[in-house]
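Undergrad: Predicted structure and sequence below. I'll ask about it afterward.
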Amino acid sequence: MSALGELGSLRGKKTAGQKKDNLAGYLFLAPWLLGLFLITIGPMLASLYLSFTDYNLIQAPKWIGLDNFARMLSDQRLHNSLRVTFTYVFVSVPLQLAIALLLAVVLDRGVRGMAFYRSIFYLPSLLGSSVAIAILWRQVFGTTGLLNQLLDVIGIEGKGWISDPSTALGTLVVLNVWTFGSPMVIFLAGLRQIPSMYYEAASVDGAGTLRRFFSITLPLLTPIIFFNLVLQIIHAFQAFTQAFVVSGGSGGPSDSTMFFTLYLYDRGFGNFDMGYASAMAWFLLVIIGIFTAANFLLSKYWVFYDD
């Protein structure tokens with residue numbers, strides 16, 4: 001057999017082997033691909049279609065075009081849910097990140113038993129979105145809850161923090177701030193990546209603790225702050241379980257804890273207005289997309305990289 005013939009035979013065998021390997025790879029990916037198309041992409045496309053229809057879960061969807069989105073302009077309860085959600089996001093996210101960064105700086109100083117403290121501080125992030133913790137929160141801030149019992153010990157008369165419109169949203173803000181463990185661990189990992197030579201040079205120049213923090217730590221940590229900011233804003237806009245359980249699914253007194261997601265659930269599964277709920281879901285997606293894009297556009301003015 002000639003050399004060209006042997007080369008062609010080897011290529012044919014190699015191609016057959018590659019096809020077999022590719023087939024095996026696709027078989028391993030098949031469960032994930034099925035989940036992607038059947039559980040994620042499929043329902044998304046279905047909800048996009050339903051957002052342009054009048055659908056009550058019983059009768060067939062009826063195409064109505066942009067009517068669902070036009071109804072949002074005059075829906076006062078939706079406007080209130082947006083106000084409540086924006087307040088929740090703008091207050092809870094900065095407070096959560098500030099506390100997470102503060103504790104990360106403290107733990108980065110080499111506290112004895114740091115692994116234990118790190119685990120304890122991270123635990124609320126694992127439980128913060130659970131139904132059990134939301135129920136516990138109702139017991140803490142209820143009329144006869146733990147907080148009022150502690151206030152009674154020092155002679156201060158408490159109140160129903162959850163049933164009062166002026167404080168109901170604040171209890172949910174505190175609950176979100178309490179789940180600072182996840183961003184704290186990410187901050188701690190970022191602090192460990194800052195070269196010690198910068199701090200040594202600053203100490204030689206006589207820079208104090210605050211000066212080193214604002215001139216070295218904070219600028220070099222801005223990529224991590226940006227990462228946590230984007231993630232926590234998205235998470236805060238999607239908050240649902242806390243408001244649903246703490247308010248009993250009613251949106252709280254005077255709709256003071258009626259998050260956008262909670263109102264979406266009420267319209268879809270309470271009023272069976274699934275077409276309008278689908279339109280709300282896509283509107284929320286647009287809002288989150290705008291905030292995420294704005295963060296990326298503005299990041300070039302305040303996020304600094306070591307390179």
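TA: Now that the structure is in, tell me what you want to look at.

Undergrad: and the residue nearest to the spatial centre of the chain, what does it touch?
TA: In the chain, the residue lying closest to the centroid (Cα atoms, centre = their mean) is residue 235, at 1.4 Å. Contact analysis of residue 235 by Cβ atoms under 8 Å, 6 or more residues apart in numbering lists nothing. For every residue, glycine as well, the C-beta is placed using N, CA and C.

Undergrad: And residue 66, how close does it get to residue 73?
TA: Per Cβ to Cβ, to the nearest Å, residue 66 is found 11 Å from residue 73.

Undergrad: Sorry, slip of the keys, the one I care about is residue 46.
TA: Applying Cβ to Cβ, the value for residue 46 to residue 73 is 25 Å.

Undergrad: what's the answer for residue 172, then?
TA: Separation of residue 172 from residue 73 (Cβ to Cβ): 27 Å.

Undergrad: quick one, which of these two is more surrounded?
TA: Taking other Cβ atoms under 10 Å, residue 172 and residue 73 do not tie; residue 172 has more neighbours (25 against 8).

Undergrad: ok, how many other residues are close to the closest residue to the more buried one other than its chain neighbours?
TA: Distances taken as Cβ to Cβ, 6 or more residues apart in numbering place residue 242 nearest to residue 172, at 5.4 Å, with adjacent residues excluded. Residue 242 has 25 neighbours, counted by other Cβ under 10 Å.

Undergrad: In this structure residue 242 contacts residue 174, no?
TA: No: judged on Cβ atoms under 8 Å, residue 242 makes no contact with residue 174 at a distance of 10.4 Å.

Undergrad: follow-up on the earlier one: the residue nearest to residue 172 sits in which helix or strand?
TA: helix 241-246 (DSSP states H and E).

Undergrad: Just list what that helix packs against, helices and strands only.
TA: Under the contact definition 3 or more Cβ pairs under 8 Å, 6 or more residues apart in numbering; DSSP states H and E, helix 241-246 sits against helix 131-141, helix 168-178, helix 260-265.

Undergrad: And for the second one, what's in contact with it?
TA: By Cβ under 8 Å, 6+ apart, the list of residues contacting helix 168-178 from outside reads 84, 87-88, 91-93, 95-96, 99, 124, 128, 133-134, 137, 141, 161-162, 236, 239, 242-243, 246-247, 252-253, 256-257.

Undergrad: try the first one
TA: By Cβ under 8 Å, 6+ apart, the residues outside helix 131-141 that reach it are 124, 127, 145-147, 161-162, 171, 175, 241-242, 244-246.

Undergrad: Could you do the last one as well?
TA: Counting by Cβ under 8 Å, 6+ apart, the neighbours of helix 260-265 from elsewhere in the structure are 77-78, 81-82, 84-85, 237-240, 243-244, 247, 249, 251, 277, 280-281, 284.

Undergrad: need the next SSE after that helix, C-terminal direction.
TA: Using DSSP H and E, the helix or strand that follows helix 260-265 in sequence is helix 274-302.

Undergrad: can you tell me the average pLDDT over that following helix?
TA: Helix 274-302 carries an average pLDDT of 95.

Undergrad: Okay, buried residues for it please.
TA: Under the neighbour-count criterion of 16 or more other Cβ atoms under 10 Å, helix 274-302 has 274-284, 287-288, 291, 299 buried.

Undergrad: wait, which of the residues you listed is closest to residue 268?
TA: For the buried residues of helix 274-302, the minimum distance to residue 268 (Cβ to Cβ) is 3.1 Å, reached by residue 277.

Undergrad: Next up, the contacts around that closest one.
TA: 264-265, 267-269.

Undergrad: Apart from its neighbours in sequence, what residue is nearest it?
TA: Using Cβ to Cβ, 6+ apart, the closest residue to residue 277 is residue 268 (3.1 Å).

Undergrad: mind listing the helices for the stretch 51-200 of the chain?
TA: Along the stretch 51-200 of the chain, counting by DSSP state H, counting those that start in this stretch, helices occupy 67-72, 76-107, 114-127, 131-141, 146-153, 168-178, 181-192, 196-204.

Undergrad: Among those, show the one with the smallest mean pLDDT.
TA: Among the helices of the stretch 51-200 of the chain, helix 114-127 has the lowest mean pLDDT, at a mean of 72.

Undergrad: In terms of secondary structure, what does that helix contact?
TA: The contact analysis (3+ Cβ pairs under 8 Å, 6+ apart) places helix 114-127 against helix 76-107, helix 181-192.

Undergrad: Can you flag the buried ones in the contacts of helix 260-265?
TA: Among the contacts of helix 260-265, those scoring as buried are 78, 81-82, 84-85, 237, 239, 243-244, 247, 251, 277, 280-281, 284 (criterion: 16+ other Cβ under 10 Å).

Undergrad: Quick check: the two most widely separated of the residues you listed?
TA: Longest span within the buried ones among the contacts of helix 260-265, Cβ to Cβ: 247 and 281, 20.3 Å.
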